[in-house]
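Colleague: Quick one, fold the following:
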Amino acid sequence: MDRNRITGAARQTVGRLKDAAGYVTNDSTLRAEGLYDEAVGYGTRVLGQARDHAADLADDAYETGRQLYGQGIRQLQRGAKDHPLALVVAAGIAGAAIAWMLSQPRR
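Modeller: This next block holds a predicted model:
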């Protein structure tokens with residue numbers, strides 16, 4: 001649990017207590033403060049939850065990307081092993097294309 005979730009829950013609880021005290025004493029100002037504190041506490045708690053979920057999603061995306069990168073590298077290695085001449089020709093064509101693009105005058 002992070003700080004936002006803890007402080008949000010605490011402020012929400014304080015807000016409920018203020019609201020209840022304002023209801024018992026018939027003090028509309030205290031009730032309004034309680035409702036405000038409860039709403040801010042709820043928002044802060046939800047912010048903490050959203051941050052936790054975002055961090056989890058980022059971790060999952062990183063792990064998935066790492067796995068896919070590994071699969072891609074293995075596929076490239078397998079292709080280079082099976083067809084080394086095609087790899088040399090493709091590298092030559094790519095190099096020639098880059099050299100041609102760099103040698104063109106800029107407009």
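
Colleague: Read off the pLDDT value for Arg107.
Modeller: pLDDT, Arg107: 65.

Colleague: any weak-confidence spans in the chain?
Modeller: 1, 107 (pLDDT under 70).

Colleague: Return the longest helix in the chain, judged by number of residues.
Modeller: If you go by DSSP state H, the chain has its longest helix at helix 28-82.

Colleague: Next SSE downstream of that one?
Modeller: Reading on from helix 28-82 to the C-terminus, the next helix or strand found by DSSP states H and E is helix 84-103.

Colleague: Counting by contacts, list what that following helix packs against.
Modeller: On a contact count with 3 or more Cβ pairs under 8 Å, 6 or more residues apart in numbering; DSSP states H and E, helix 84-103 meets helix 28-82. To be clear about C-beta, it is placed using only N, CA and C from the backbone, and glycine gets the same treatment.

Colleague: what angle separates the helix it packs on from helix 84-103?
Modeller: Angle between the axes of helix 28-82 and helix 84-103 is 120 degrees (criterion: axes from the mean of the first three to the mean of the last three Cα atoms, to 10 degrees).
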